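Enquirer: build the 3D model from these lines:
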Amino acid sequence: GRFYAADPDTLAAEVAAHLGDTSHAVSTLGLVAPHAGYVYSGRIAGQTFARVQVPPRVIVLAPNHTGRGQRVSVLPAGVFRVPTADVPINDDLVTALLNALPSAESDVAAHEYEHAAEVEVPFLFARRADVEIAAVVLGHLSLADALALGQGLADVVAATGALVVAS
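Expert: Numbers count the residues shown, from 1 in each chain. Model prediction:
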């Protein structure tokens, strides 16, 4: 109810309206989408997701606004619950990220009150109902850490075909 509608039907209609025509979507390795409330950024997020084919697996990168948890926090398992769906966390993708990202840690604390990954999930679900995700919350990284993270992500994407959504 803070960043988008809490009612599933209202949220689904809002996301669909923001998406509009998705018939010209293309395959890509990644995208950058805003993570403000839909009243502010829903139109731009919708236009972005409308242009992209969403594969079965997606890595969602989000900034750590709360300061909780580890600097590179991978949500370990379960589902990512939004009003329109429970989107599964892909265990194989989580394992690949934990193995490929040198400073990544399995961590729930960084995700508990973080909205930046959450606002992308209804768009992903609307584009592909069987989508599975891995959510990574990022804190302050040095240049060396960011470069290592980028290389690790590139390796995981090459191996899995996952889409990277940077929030």
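
Enquirer: what segments of the chain are helices?
Expert: Ranges of helices within the chain are 8-19, 38-50, 91-100, 121-127, 143-160, based on DSSP state H.

Enquirer: and those: which comes nearest V82?
Expert: helix 121-127 (4.9 Å; CB to CB). Placement of C-beta: from N, CA and C, glycine included.

Enquirer: thinking again about what came up before, just the helices of the chain: most buried one?
Expert: The highest mean neighbour count among these, using mean count of other CB atoms under 10 Å, belongs to helix 121-127: a mean of 23.

Enquirer: coming back round to it: would you format the helices of the chain as CSV with mean pLDDT included?
Expert: Formatted as CSV, the helices of the chain follow (pLDDT from 0 to 100):
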stretch, mean pLDDT
helix 8-19, 96
helix 38-50, 94
helix 91-100, 97
helix 121-127, 97
helix 143-160, 96
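
Enquirer: save these as CSV, and put in distance to F80 too.
Expert: Formatted as CSV, these follow (distance: least, CB to CB, whole Å):
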stretch, distance to F80
helix 8-19, 14
helix 38-50, 16
helix 91-100, 12
helix 121-127, 5
helix 143-160, 18
